[in-house]
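In: Predicted model and sequence follow; I will ask about them next.
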Amino acid sequence: MIKRISSIILLFCLTTSLSAQKEVIEKIISEVGGEIVLLSELEEQFALIRERQADLPDGARCMILDNILTQKLLVNQAKLDSVEVSESEVEAQLNARIEQILEYMGGDLNQFQEYYGQTVTEVKDAFRNDLQNQLLSDRMRGSVMQNVTVTPSEVKQFYINIPKDSLPYFDSEVEVGEIVMKPKVNAEQREISMEKLTNLRKRILEDGEDFSELASIFSDDPGSARVGGDLGWTKRGKFVPEFEAAAYKLADGEISEIVESEFGFHLIQLIARRGNSINTRHILIKPEITDDDLKKSQMKLDSIRNLLLVDSISFSLAVKKYSNEDVQSFNNDGKMINPGSGNTYFEIADLEPDVYFTIDTMEIGSVSSAYSYSDQRGETFYRIVQLQSRTVPHTASLDRDYSRIQDATIEQKRANFMSDWITQKVNSTYIRIDAKFEGCPNLQKWIEDRVKP
């Protein structure tokens, strides 16, 4: 079964897509309301899938076109319903994807341009409209299915309908709680960072040096430093409160005083303002965390562990009182969330290696000693973990695996609901498909009942 390939994925395979654009003779092969499907769109996605899956089934292009038509129908309806995606959302998504590509390349802009044959700006311009349409279709899809729910009786019936020999088999799973602490910067390092940023501010305001050049050299934000500290166009809610409050007070070209946030110390310049959107650049200086700072966090967490071991405090209360509020588990009584499933159960292979080795020999209810780990930004944190449950391998059952069966039930119901919605909209939307594809069996729902507006 070929999964739907979104145009967003093209950003990670630009060589294939850009070459496909040159090789395919442009042609409109379908219309869905006010949206068109180009032959190049189909061929780009076909090339991407073929690159990853050598043996494609017969009718692969038919299945891909079915997915494209669904997206176009969603985009068309989104525009009719006045569903909006802001410029700042599109820009943020583009920046995130470009940043991920650059991470793979070690931040080398020259390598990026040599590999893709275009600058970062040109690549973003080429895919901005595709990304906006993808976000529109995703938002419309979410709107269509937002009220789809299932009752306990529907979950039970779904389980009953699964043939007994087709019930899934689940390996051993664990639930893990955590209390996380971020080491605090000491006063001396805070002062050093502030002095460094104060000097940079002086060099810009008094010595006339260029903000973007200094950001490229000194900023501790590698993503924006590559482009002179430029953070792009954003609306309220994008930045942490301290940064945002300072940025929105600035006039065009004005440079802020030093602003402190959870990331460190910032110097902010407002490049331009457009309604409620602003374009800013910044220089970030992160204070150094010393060995003594790290040791204090470790000792604090070990003291919390001792309180837990003698039942002086519950794990849930300790999370609320001591754990870092920015960690996802904080609002879930400390329970870690499995990013793959969205629930709190992890198969051993799904755990981060440090968590796996920590709980490997632990008993249920026991708490580990404090240990350090790095988050996605490379910052150091300390945590203690509690092994809260461990299941034995088993065949799925309604009492033991209700939440998983509930998830499968609602996914099926959403798929059926979406299929019914598509049928309804197809019958009230102008649709034209090139005769070359009218023989595709899976496209008949788009072709039948041709009496359309």
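Out: Structure received.

In: list the buried ones in stretch 303-320?
Out: Neighbour counts over stretch 303-320 (16 or more other Cβ atoms under 10 Å) mark Ile304, Arg305, Leu308, Phe315, Ala318, Val319 as buried. Backbone N, C-alpha and C define where each C-beta goes, glycine included.

In: export the residues you listed to CSV and tack on distance to Ala435?
Out: Putting the buried residues of stretch 303-320 into CSV (distance: Cβ to Cβ, whole Å) gives the following:
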residue, distance to Ala435
Ile304, 70
Arg305, 71
Leu308, 71
Phe315, 65
Ala318, 68
Val319, 63
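
In: For the residues you listed, work out which two are farthest apart.
Out: Arg305 and Val319 (12.9 Å; Cβ to Cβ).

In: Secondary structure and distance to Asp434 for the buried residues of stretch 303-320 - can I get that in JSON lines?
Out: Formatted as JSON lines, the buried residues of stretch 303-320 follow (DSSP: H, G, I helix; E, B strand; the rest coil; distance: Cβ to Cβ, whole Å):
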{"residue": "Ile304", "secondary structure": "helix", "distance to Asp434": "66"}
{"residue": "Arg305", "secondary structure": "helix", "distance to Asp434": "67"}
{"residue": "Leu308", "secondary structure": "helix", "distance to Asp434": "66"}
{"residue": "Phe315", "secondary structure": "helix", "distance to Asp434": "61"}
{"residue": "Ala318", "secondary structure": "helix", "distance to Asp434": "64"}
{"residue": "Val319", "secondary structure": "helix", "distance to Asp434": "58"}
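
In: Which secondary structure state is assigned to Arg273?
Out: Secondary structure, DSSP: H, G, I helix; E, B strand; the rest coil: Arg273 is strand.

In: Which strand or helix spans Glu122?
Out: helix 120-145 (DSSP states H and E).

In: Could I get the buried residue list for whichever strand or helix holds Leu214?
Out: Secondary structure from DSSP H and E places Leu214 in helix 211-218. Across helix 211-218, burial judged by 16+ other Cβ under 10 Å covers Phe211, Ser212, Leu214, Ala215, Ser216, Phe218.

In: can you list those residues in JSON lines and add pLDDT and distance to Val75?
Out: Shown next, in JSON lines, are these (pLDDT from 0 to 100; distance: Cβ to Cβ, whole Å):
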{"residue": "Phe211", "pLDDT": "96", "distance to Val75": "39"}
{"residue": "Ser212", "pLDDT": "95", "distance to Val75": "37"}
{"residue": "Leu214", "pLDDT": "96", "distance to Val75": "43"}
{"residue": "Ala215", "pLDDT": "95", "distance to Val75": "37"}
{"residue": "Ser216", "pLDDT": "94", "distance to Val75": "38"}
{"residue": "Phe218", "pLDDT": "96", "distance to Val75": "43"}
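
In: my read: Gln118 touches Ala126, true?
Out: Yes - Gln118 lies in contact with Ala126 (Cβ atoms under 8 Å); the separation is 7.0 Å.

In: Pretty sure Phe265 sits in a strand.
Out: Yes - per three-state DSSP, Phe265 lies within a strand segment.

In: Could you pull up the residues touching it?
Out: Residues near Phe265 by Cβ atoms under 8 Å, 6 or more residues apart in numbering: Ser193, Met194, Leu197, Ile258, Val259, Leu284, Ile285, Lys286, Pro287.

In: doesn't Ile258 make contact with the second one?
Out: Looking back up the chat, that one is Met194. Yes - here Met194 reaches Ile258: they are 5.9 Å apart, a contact under Cβ under 8 Å.

In: where are the low-confidence patches of the stretch 301-450 of the chain?
Out: 448-450 (pLDDT under 70).

In: Please enumerate the strands of it.
Out: 346-347, 371-374, 380-390, 394-395, 431-433 (DSSP state E, counting those that start in this stretch).

In: and these as JSON lines, adding distance to Ile447 and mean neighbour count?
Out: Listed next are the strands of the stretch 301-450 of the chain as JSON lines, based on distance: least, Cβ to Cβ, whole Å; neighbours: other Cβ atoms under 10 Å:
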{"stretch": "strand 346-347", "distance to Ile447": "44", "mean neighbour count": "20"}
{"stretch": "strand 371-374", "distance to Ile447": "54", "mean neighbour count": "14"}
{"stretch": "strand 380-390", "distance to Ile447": "52", "mean neighbour count": "20"}
{"stretch": "strand 394-395", "distance to Ile447": "43", "mean neighbour count": "12"}
{"stretch": "strand 431-433", "distance to Ile447": "6", "mean neighbour count": "18"}
